[in-house]
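Trainee: Pasting the sequence and the predicted model now:
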Amino acid sequence: MKSLYLMLTLMLFSQVYAELPEYLLNDEYKICKNNIPACSHYNKSLNKSDEHLLNSALDSNLDVLNYDLFLDWTSVLSGADTLLENKIYHGIQKITFQLLNQSKSIKLNAVNLVIDSISVLNNTIVDYSLNNGELTIVFQNNLQMLKPYSVIIYYHNSDEIDNGFYLYPKGKVKFGNNEYYNYEKLAATFSEPELARYWMPCNDIPNDKAFAKISVKVPEGYVAVSNGILEDTLIEQGVNSNNITFVWNDKKHKITTYLMAATASKFVVLKDEYKSEATGKTIP
């Protein structure tokens with residue numbers, strides 16, 4: 001009977017393995033840690049020189065509780081709609097976390113980002129370093145287990161916008177081998193499977209879910225959308241500025257980093273509603 005179970009198991013595994021896409025069966029694309037096959041089309045096309053950036057800084061001792069992210073996209077969206085005059089944006093990431101075991105340091109993911117400074121609540125930072133996409137923060141005193149701490153990371157991106165953060169001008173744009181017409185200037189992020197680290201410091205692993213609040217500042221005329229519900233709209237009134245910050249938040253549901261996203265453009269709003277003949281109720 002045991003031999004029969006073993007044979008059925010092997011047959012089932014062989015069938016499932018054979019049904020995998022060809023690129024997952026190719027050793028060239030087994031670039032995840034511990035030789036786990038790549039799990040997305042992005043990993044298929046990832047440059048081999050970037051392999052070390054995948055699954056780096058996996059701190060199993062870290063449990064992120066909350067992300068409070070501020071993105072200033074006014075500079076990248078300002079200027080002529082048909083030109084990309086500036087590719088650099090600034091961000092502030094406040095991460096509230098706890099440790100599963102006592103430690104003096106934490107590790108986060110941050111790729112193609114420049115760390116301007118880091119401040120911390122409830123402790124003192126001794127040092128921090130960013131190497132090969134791994135941001136290590138060392139504290140003066142031990143962080144106690146299961147106690148909430150917060151770090152505030154001030155950063156900006158490099159001018160590399162091909163991973164994680166994308167910026168497109170108004171007009172004809174190329175995407176792969178195809179050409180499309182973009183009706184308005186557009187800034188957007190894309191995080192799957194492990195690209196969140198390219199546009200914000202984070203613990204970029206799918207099993208560490210946290211609450212997330214994302215605020216995006218854009219020039220007047222633009223609208224920024226993100227995860228959750230629109231909690232607030234802040235208008236910055238000044239002599240030469242009418243920038244708007246859109247605050248998106250979800251206090252009820254935790255989210256993983258690969259699902260966190262933000263985009264901004266000049267949108268056209270279309271509204272319609274459906275009225276049920278049976279109940280008379282309307283759906284906006």
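Mentor: Nice, thanks for sending it over. Computed from a prediction, not measured in an experiment: that's the story for all the values here. Residues are numbered from 1 along each chain as shown.

Trainee: Please state the backbone phi and psi of the most centrally placed residue in the chain?
Mentor: Centroid-nearest residue in the chain, with C-alpha atoms, centre = their mean: Ala196, separated by 2.8 Å. Backbone geometry at Ala196, expressed as degrees, to the nearest 10, gives phi -60, psi -30.

Trainee: Setting aside sequence neighbours, what's the nearest residue to it?
Mentor: Among residues not flanking Ala196 along the chain, Thr257 sits closest, at 3.9 Å (C-beta to C-beta, 6 or more residues apart in numbering). In this view, the C-beta of every residue, glycine as well, is placed from N, C-alpha and C.

Trainee: separation between the residue nearest to the centre of the chain and Ala261?
Mentor: 9 Å (C-beta to C-beta, to the nearest Å).

Trainee: Also Asp81?
Mentor: From Asp81 across to Ala261, the span is 22 Å (C-beta to C-beta).

Trainee: now Asn182
Mentor: 18 Å.

Trainee: same question, Asp116
Mentor: Distance from Asp116 to Ala261, by C-beta to C-beta: 24 Å.

Trainee: higher neighbour count, those two?
Mentor: Taking other C-beta atoms under 10 Å, Asp116 and Ala261 do not tie; Ala261 has more neighbours (17 against 12).

Trainee: how close does the more buried one get to Val247?
Mentor: For Ala261, the distance to Val247 - C-beta to C-beta - is 15 Å.

Trainee: Sketch out the low-pLDDT regions of the stretch 51-200 of the chain for me.
Mentor: Applying pLDDT under 70 to the stretch 51-200 of the chain picks out residues 51-58, 160-161.

Trainee: now the strands: where do they sit in the stretch 101-250 of the chain?
Mentor: For the stretch 101-250 of the chain, the strands defined by DSSP state E, counting those that start in this stretch cover 103-109, 113-121, 125-131, 134-143, 149-157, 165-168, 171-175, 178-182, 186-189, 210-218, 223-226, 229-235, 244-255.

Trainee: Single out the most deeply packed of the ones you listed.
Mentor: strand 210-218 (a mean of 22; mean count of other C-beta atoms under 10 Å).

Trainee: before we move on, the earlier item: report the set of residues contacting both of Ala196 and Ala261.
Mentor: Residues touching both Ala196 and Ala261 (C-beta atoms under 8 Å, 6 or more residues apart in numbering): Thr189.

Trainee: Ile137 - nearest residue in space that isn't next to it in sequence?
Mentor: Of all residues not flanking Ile137 in the chain, Tyr128 sits nearest, at 4.6 Å (C-beta to C-beta, 6+ apart).

Trainee: so the one you found touches Glu134, yeah?
Mentor: No: Tyr128 lies out of contact with Glu134 (C-beta atoms under 8 Å); the separation is 10.9 Å.

Trainee: circling back: measure the residue nearest to Ala196 to Ile205 for me?
Mentor: Distance from Thr257 to Ile205, by C-beta to C-beta: 7 Å.

Trainee: what about those two, which has more around it?
Mentor: With neighbours defined as other C-beta under 10 Å, Thr257 and Ile205 compare such that Thr257 has more, 24 against 21.

Trainee: ok, now which ones touch that one?
Mentor: Thr257 neighbours (C-beta under 8 Å, 6+ apart): Ser191, Ala196, Arg197, Cys202, Asn203, Asp204, Ile205, Pro206, Asp208.

Trainee: any idea which element the closest residue to the last one other than its chain neighbours lies in?
Mentor: Distances taken as C-beta to C-beta, 6+ apart place Val64 nearest to Asp208, at 5.4 Å, with adjacent residues excluded. Per DSSP states H and E, Val64 falls inside strand 62-72.

Trainee: Determine the set of other helices and strands touching that strand.
Mentor: Packed against strand 62-72 by the contact rule (3 or more C-beta pairs under 8 Å, 6 or more residues apart in numbering; DSSP states H and E) you find strand 90-99, strand 103-109, strand 210-218.

Trainee: okay if I get these as a markdown table plus distance to Glu277?
Mentor: Shown next, in a markdown table, are these (distance: least, C-beta to C-beta, whole Å):
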| stretch | distance to Glu277 |
| --- | --- |
| strand 90-99 | 49 |
| strand 103-109 | 52 |
| strand 210-218 | 40 |
